[in-house]
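A.B. asks: okay, predicted coordinates and the sequence, questions at the end:
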Amino acid sequence: MPPTRTRRHEANPPHRPRWAGLVLLLLAGCSSPAEPVATLWEGVLDPVPPGGVAGSAAAVAQFGRTLASVEIRQALGGTTYRWRIESGTCASPGQVQGGLAIYPPLTASQTGTASADAVVPGVLRRGSRYIVRVAREAPAGGEVVVACGELVERG
């Protein structure tokens, strides 16, 4: 069996999703008057009791779509989680943006980390409120939200 490769961020989780630095470069290079301005959103995912999952999320809205990324840590190894961007707040979630099918599952590694990216049709609207929610399947059906965080518009 080949050796397992471990990414550096699994040992020391970053505060930003893995492609946030590239997004900042994209934003800097896409500021010409002929192109629509990109909007960057970032958020910290806090555990929702009794879950202990934490993480971070980022999204860039431009050209009629939103590129989203999420990373979780402190998850149960081998457990599969669902995630999505919704309108609203963690206390009062709203509509899923783009539909559930576009968000790939997060399967936690043995170190409790996972990450995923999604392309959401449509852009997150400036001045609106959005959240990222992470959930796992409940034993009796449905789901249990284990982490939630507000996406904050950065520009």
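C.D. replies: Perfect, thanks for sending it.
A.B. asks: for the chain, which strand is longest?
C.D. replies: Longest strand in the chain by number of residues, with DSSP state E as the criterion: strand 143-153.
A.B. asks: could you export that one as PDB, CA atoms only?
C.D. replies: This file holds the C-alpha atoms of strand 143-153, laid out as PDB (Å, rounded to 0.1, in the frame of the first residue of the first chain):
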ATOM      1  CA  GLU A 143     -29.800  16.000   9.700                       C
ATOM      2  CA  VAL A 144     -28.100  17.600  12.600                       C
ATOM      3  CA  VAL A 145     -26.300  20.900  12.100                       C
ATOM      4  CA  VAL A 146     -22.900  20.700  13.600                       C
ATOM      5  CA  ALA A 147     -21.300  24.000  12.600                       C
ATOM      6  CA  CYS A 148     -22.500  27.400  11.200                       C
ATOM      7  CA  GLY A 149     -20.900  30.700  10.400                       C
ATOM      8  CA  GLU A 150     -21.900  34.000   8.800                       C
ATOM      9  CA  LEU A 151     -20.200  35.000   5.500                       C
ATOM     10  CA  VAL A 152     -19.000  38.500   5.900                       C
ATOM     11  CA  GLU A 153     -18.600  40.600   2.700                       C
END
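A.B. asks: any stretches of the protein with poor pLDDT?
C.D. replies: Residues of the chain meeting the criterion pLDDT under 70: 1-36.
A.B. asks: need the strands for it, in chain order.
C.D. replies: Going by DSSP E, the chain shows strands at 39-47, 54-62, 65-73, 80-88, 93-96, 106-107, 114-121, 130-137, 143-153.
A.B. asks: what's the distance between the residue nearest the centre of the chain and residue 117?
C.D. replies: Here the mean C-alpha position of the chain is nearest to the C-alpha of residue 70 (Cα atoms, centre = their mean), at a distance of 2.8 Å. Distance, residue 70 to residue 117, using Cβ to Cβ, to the nearest Å: 8 Å. Just so you know, the C-beta spots here come from the backbone N, C-alpha and C atoms, and that holds for glycine as well.
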